[in-house]
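In: compute the structure for the input listed below.
(one chain, ligands or ions: 1)
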Amino acid sequence: MTATVLDSVPVSFDPQEFQKLTHIDLSEPSAQAAAELLHAALPAARPKAMYKVCYIDDRAEDSVELEGIRFNSRVLSQNLSEVERVFPYIVTCGIELDALEISQNDLLAGYVLDGLKELCLRAAIAHLKNHLAAEYGLTVEDLSTMNPGSGNKDVWPISQQRPLFQLLGDVADSIGVHLTDSFLMIPNKTVSGILFPTEIPFVSCQLCTREDCPRRRAEYTGVVGMAGH
Ligand code: SF4
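Out: Numbering: from 1, shown residues only. Below is the predicted model of the structure:
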């Protein structure tokens, strides 16, 4: 299955969220330069997401296999022990903000832009979750994620980003994200991982075409909601 790209992520700038993140109060006269930069940069922001719908082909105590690609993590395997369908993904603030011409010596501009990129990344994550919930009969609250390299390094090593990128296909062409030899993602405000439902709502199976699923709880109908509900 090919990956789906979401490249029309809405960004609604919230000055309070920005302040929480950066401690810059845009209503203060001293923040005028920051406000002007944001005003100029916001129209360029293009956060994006890409994801795939995958089914677990095989599982072992310390790994799972998706589309013939093995992911090594005992915790991942445990978290997916009751799950059949997962959503490998990459979300990013987009390369467009990095392309803006800002002096390398302008520390404030770099800081402000980094704050905006973080808000764009959050918008992309929220958009992806809302999209998955609407498309696959899930609820946003029940979607959990695991990310290579986050938390204890042994939980799911950061090097596992390589098979994740391999699984998703041409990530650079699709959303502009590059993975370096040291497993850093560029642009910096980018997250990769696997989203999965912590509980499988009944309605979810009604929208899922997987044949012979051992955990199917309802016939496929292609329609959200249950008859009479
Ligand atoms: S049929 Fe239901 S349990 Fe099986 S993969 Fe689809 S949503 Fe998950």
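In: center of the chain - which residue?
Out: Most central in the chain under Cα atoms, centre = their mean is Val91, positioned 3.9 Å from the mean C-alpha point.
In: would it count as being in a helix?
Out: No. Val91: not assigned to a helix; according to DSSP: H, G, I helix; E, B strand; the rest coil it is strand.
In: if it is in a bridge, with which residues?
Out: With DSSP bridges as the criterion, Val91 is bridged to Ala49, Val191.
In: quick check: the gap between it and Leu100.
Out: As for Val91, its distance to Leu100 is 20 Å (criterion: Cβ to Cβ, to the nearest Å). (Glycine included, C-beta is placed from N, CA and C.)
In: in the chain, which spans are strands?
Out: Per DSSP state E, the chain carries strands over the ranges 4-6, 48-51, 54-60, 63-66, 69-72, 85-92, 143-146, 178-179, 185-186, 190-197.
In: those: which one's closest to the ligand?
Out: Of all the strands of the chain, it is strand 85-92 that lies closest to the ligand, at 3.8 Å by Cβ to the nearest ligand atom.
In: list the contacts for the residue lying farthest from the centre of the chain?
Out: Here the chain reaches farthest from its C-alpha mean at Pro29, the gap being 35.7 Å by Cα atoms, centre = their mean. Pro29 makes no contacts at all, as judged by Cβ atoms under 8 Å, 6 or more residues apart in numbering.
In: for the helix of greatest length in the chain, packing partners?
Out: Scanning the chain for the longest helix, with DSSP state H as the assignment, gives helix 107-136. On a contact count with 3 or more Cβ pairs under 8 Å, 6 or more residues apart in numbering; DSSP states H and E, helix 107-136 meets strand 4-6, helix 15-22, helix 32-41, strand 48-51, strand 85-92, strand 143-146, strand 190-197.
In: go with 7 Å
Out: strand 4-6, helix 15-22, helix 32-41, strand 48-51, strand 85-92, strand 190-197 (3 or more Cβ pairs under 7 Å, 6 or more residues apart in numbering; DSSP states H and E).
In: what's near enough to touch Val9?
Out: By Cβ atoms under 7 Å, 6 or more residues apart in numbering, the contact set of Val9 is Pro47, Lys48, Ala49, Ala123, Ala124, His127.
In: cool, Pro10 as well?
Out: If you count contacts by Cβ under 7 Å, 6+ apart, Pro10 has them with Ala123, His127.
In: correct me, but the residue nearest to the centre of the chain touches Val191?
Out: Yes. Here Val91 reaches Val191: they are 5.4 Å apart, a contact under Cβ atoms under 7 Å.
In: which residues are common contacts for those two?
Out: Leu121, Ile125.
In: what parts of this structure come near the ligand?
Out: Counting by Cβ under 6 Å from any ligand atom, the chain comes close to the ligand at Glu84, Arg85, Ile200, Ser204, Cys205, Cys208, Arg210, Cys213, Arg215, Arg216.
In: relative to Ile158, which of these is nearest.
Out: Nearest to Ile158, judged by Cβ to Cβ, of these is Arg85 at 25.0 Å.
In: how far away is that closest one from Ser12?
Out: With distances taken as Cβ to Cβ, Arg85 is found 30 Å from Ser12.
In: same deal with Gly176?
Out: Gly176 sits 22 Å away from Ser12, going by Cβ to Cβ.
In: so between the two, which is more surrounded?
Out: The neighbour comparison of Gly176 against Ser12 (other Cβ atoms under 10 Å) goes to Gly176, with 19 against 7.
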